[in-house]
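Asker: only the shape, not the letters, is given here:
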């Protein structure tokens, strides 16, 4: 799936298609490309596990000031902040890869920061990269973006409820 060396002078690990495949296989990013049911189940599982870990921490930090309701509410609020950071990281990682796939040029470094080069993709490689970027990665980016917006909305709603209590 990678471009041969005589066609592409970019090092193997810096080729956009290989960066995409490596990101897709990584533990942190792999669950974001699952089917929609598995994606929602994974988010729910992460939420429950995070809540289980944050409830004792919040109760220890504020043990004399809060009721059980407040402990649970602050735990949910902290898990929501964790999810916002998680989705921002996912969005930035995938958007970097899709930017490199859709671009007609690739910036790469041969041996260090001081010798950067720019390679202009051939028509075949550019077409293949753009198809992958538009039809495989963009739906994941949109899913992550909507998940992030939902988390931000819920966070604002939680802050309003906290202010009213």
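Answerer: In hand now; what should we look at? None of the values given here were measured: they were computed from a predicted structure.
Asker: hey, which helix is longest across this protein?
Answerer: helix 68-102 (DSSP state H).
Asker: just give me how far it sits from the chain centre.
Answerer: 8 Å (C-alpha atoms, centre = their mean, to the nearest Å).
Asker: what's the mean pLDDT across that helix?
Answerer: Average pLDDT, helix 68-102: 94.
Asker: the chain should start at 3 in everything you say after this.
Answerer: Done: numbering now begins at 3, and the last item shifts to helix 70-104.
Asker: which stretches of the chain form helices?
Answerer: 18-27, 29-32, 38-63, 70-104, 125-134, 140-166.
Asker: make a markdown table from those helices and add mean neighbour count and distance to residue 113 to it.
Answerer: (Glycine included, C-beta is placed from N, CA and C.) Shown next, in a markdown table, are the helices of the chain (neighbours: other C-beta atoms under 10 Å; distance: least, C-beta to C-beta, whole Å):
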| stretch | mean neighbour count | distance to residue 113 |
| --- | --- | --- |
| helix 18-27 | 17 | 18 |
| helix 29-32 | 12 | 27 |
| helix 38-63 | 13 | 39 |
| helix 70-104 | 17 | 20 |
| helix 125-134 | 15 | 23 |
| helix 140-166 | 14 | 32 |
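Asker: which one of the ones you listed lies nearest to residue 10?
Answerer: helix 125-134 (6.9 Å; C-beta to C-beta).
Asker: distance of residue 66 relative to residue 167?
Answerer: Relative to residue 167, residue 66 is positioned 18 Å away (C-beta to C-beta, to the nearest Å).
Asker: what does residue 142 give?
Answerer: Taking C-beta to C-beta as the measure, residue 142 falls 37 Å from residue 167.
Asker: could you do residue 105 as well?
Answerer: Separation of residue 105 from residue 167 (C-beta to C-beta) stands at 49 Å.
Asker: what sits closest to residue 96 if chain neighbours are left out?
Answerer: In space, and not counting its chain neighbours, residue 96 is closest to residue 143: 5.1 Å by C-beta to C-beta, 6 or more residues apart in numbering.
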